[in-house]
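>>> No sequence on hand, only this structure:
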């Protein structure tokens, strides 16, 4: 009887005016079935990793037992990937006025999203919690995260993932997003003391019309490094920034999207880039000084929608970065990624997407061939 009373009391609280809200639960189950071919080239380290490795805890570990490329026997390898994707999720959108929120969890109870929003006025909202950051563009529909790069997202696309933040959403159409994000510096600072005195400041303006859209975005952070007395970790004040522009156009069923991004030490502002042999961050040189890393990102996507149930898409991504520490002269470290897929939705909520792709890590700044990867994949997705 006590349990019944408690249940009735809880229900009353949920439907009371002070807590009135619409709860819309959802989920998405996603399986990737794919076969991959890897070639290490002349590299001496494992430059090819699965995109889910941070969740799984080891490069290319899967429950089916495949641990991905193994270079102990040969410079070439191949393997099957058959696993639940880390992008599978369950969550809910909680709609209310003036307060609403959203939460989303993925495999291994990993928190993807958890935020609440206060509508201060029709033209101003404050969002608090973990959310997608403003610079995420999602122009590419590539399904396979191979070589640890997420395809064009990490080789030309503009993305900064999800992080704890305070976000201002400005305008009645919510066109301008300004976020103050938890800093997470990626530079190799050794045992030095890294002092943050500001969050990452990140913003994007989005404009959309009937047949086209465009985005302009940027991010900036600065931090101090108190060195440990060695040349590998000198004292300095370091900065990281990134600016990007992109957009798209529709011509009936035909569509195109493209972006360009450029920045300094872009991993320090959270940019998703080639996860190959070195990071796009400042590095200490032999003279005990910090050298900055320059990064350029380019992406082009095109597709054709045959109907609401069928579409085809292809994309090409390119990244180049350079610094004076990882190579002689003006040599750049480049990455190229390409994909082609067919998206079939036999019923609402079900997607079956066969895809082929190629990712070339090209030569690093020393002229060493870092290898490449090819794959054939089918992604199976059911949204509920």
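Structure's in. What do you need? These numbers come from a predicted model, not from an experiment.
>>> how about low-confidence regions in this structure?
1-19, 40-75, 145-154, 190-191, 229-233, 274-279, 324-331, 365 (pLDDT under 70).
>>> Quick check, central residue of it?
In the chain, the centroid-proximal residue (CA atoms, centre = their mean) is residue 161; its distance is 4.2 Å.
>>> Which helix or strand lies directly C-terminal to the helix or strand in which residue 296 is found?
Residue 296 belongs to strand 294-305 when assigned by DSSP states H and E. Using DSSP H and E, the helix or strand that follows strand 294-305 towards the C-terminus is strand 310-322.
>>> For whichever helix or strand comes after that following strand, which strands pair with it and how are they oriented?
Using DSSP H and E, the helix or strand that follows strand 310-322 in sequence is strand 333-344. Strand 333-344 has the following strand partners under DSSP bridges: strand 310-322 (antiparallel), strand 350-360 (antiparallel).
>>> relative orientation of strand 333-344 and strand 294-305 in degrees?
Between strand 333-344 and strand 294-305, the angle formed by their directions is 20 degrees, by axes from the mean of the first three to the mean of the last three CA atoms, to 10 degrees.
>>> How far away from the center of its chain is strand 333-344?
The chain centre lies 15 Å from the centre of strand 333-344; the measure is CA atoms, centre = their mean, to the nearest Å.
>>> in that strand, what's buried?
For strand 333-344, a neighbour-count test (16 or more other CB atoms under 10 Å) marks 333, 334, 335, 336, 337, 338, 339, 341, 343 as buried. For glycine as for every other residue, the C-beta is placed from the backbone atoms N, C-alpha and C.
>>> how long is stretch 281-289 from one end to the other?
14 Å (CA to CA, to the nearest Å).
>>> what do you get for stretch 194-206?
34 Å.
>>> what's next to it, contact-wise?
Residues from elsewhere that reach stretch 194-206 (CB atoms under 8 Å, 6 or more residues apart in numbering): 133-135, 160, 165, 175-183, 185, 213-226, 269-270.
>>> Kindly report the same for stretch 167-185.
117, 122-128, 131, 133-134, 163-166, 194, 196, 198-207, 221, 223, 268, 270, 281.
>>> From these, list the buried ones, please.
Using 16+ other CB under 10 Å, the buried ones in the contacts of stretch 167-185 are 117, 125, 127, 131, 133-134, 163, 165, 199-206, 221, 223, 268, 270, 281.
>>> Which members of those occur in helices, if any?
Of the buried ones among the contacts of stretch 167-185, none are assigned to helices by DSSP state H.
>>> Just want the angle from the lengthiest strand in the chain to strand 350-360.
Using DSSP state E, we find that the single longest strand of the chain is strand 22-39. Using the same axes, to 10 degrees, the direction of strand 22-39 lies 40 degrees away from that of strand 350-360.
>>> chain center to strand 22-39: distance?
With CA atoms, centre = their mean, you get 15 Å for strand 22-39.
>>> And for stretch 118-134?
In terms of CA atoms, centre = their mean, the gap separating the centre of stretch 118-134 from the centre of its chain is 21 Å.
>>> Show residues contacting that stretch.
Contacts of stretch 118-134 with the rest of the structure, by CB under 8 Å, 6+ apart, involve 97-101, 111-117, 160-172, 174, 177-179, 181, 202-204, 217, 270.
>>> Which parts of the stretch 1-150 of the chain are helices?
Here the stretch 1-150 of the chain has its helices, by DSSP state H, counting those that start in this stretch, at 2-15, 53-56.
>>> In the stretch 101-250 of the chain, what residue spans correspond to strands?
Assigned by DSSP state E, counting those that start in this stretch, the strands in the stretch 101-250 of the chain fall at 110-121, 124-132, 162-170, 176-181, 193-196, 200-208, 212-226, 236-251.
>>> Distance to residue 348 for the ones you listed - can I get that in JSON lines?
Output for the strands of the stretch 101-250 of the chain, formatted as JSON lines (distance: least, CB to CB, whole Å):
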{"stretch": "strand 110-121", "distance to residue 348": "23"}
{"stretch": "strand 124-132", "distance to residue 348": "24"}
{"stretch": "strand 162-170", "distance to residue 348": "27"}
{"stretch": "strand 176-181", "distance to residue 348": "30"}
{"stretch": "strand 193-196", "distance to residue 348": "46"}
{"stretch": "strand 200-208", "distance to residue 348": "24"}
{"stretch": "strand 212-226", "distance to residue 348": "25"}
{"stretch": "strand 236-251", "distance to residue 348": "22"}
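>>> Which one, of these, ends up nearest to residue 156?
Among the strands of the stretch 101-250 of the chain, strand 236-251 comes nearest to residue 156, with 10.7 Å by CB to CB.
>>> I figured the residue nearest to the centre of the chain hits residue 270, correct?
Yes: using CB atoms under 8 Å, residue 161 makes contact with residue 270 at a distance of 6.1 Å.
>>> Could you list the buried residues of stretch 249-262?
Applying 16+ other CB under 10 Å to stretch 249-262 flags 255, 257, 258, 259, 261 as buried.
>>> Contacts for that stretch next, please.
So stretch 249-262 is contacted by 137, 139-140, 156-158, 211-212, 215, 242-248, 271, 294-306 (CB under 8 Å, 6+ apart).
>>> among these, which ones are buried?
Neighbour counting by 16+ other CB under 10 Å classes 137, 139-140, 156-158, 215, 242-244, 246-248, 271, 295-301, 303, 305 among the contacts of stretch 249-262 as buried.
>>> What's the separation between residue 23 and residue 129?
Plainly put, residue 23 is 17 Å away from residue 129 if you go by CB to CB, to the nearest Å.
>>> The two: which has the busier surroundings?
Applying other CB atoms under 10 Å to residue 23 and residue 129 shows that residue 129 carries more neighbours, namely 17 against 10.
>>> excluding its backbone neighbours, what's nearest that one?
Spatial nearest neighbour of residue 129, excluding adjacent residues (CB to CB, 6 or more residues apart in numbering): residue 115 at 3.2 Å.
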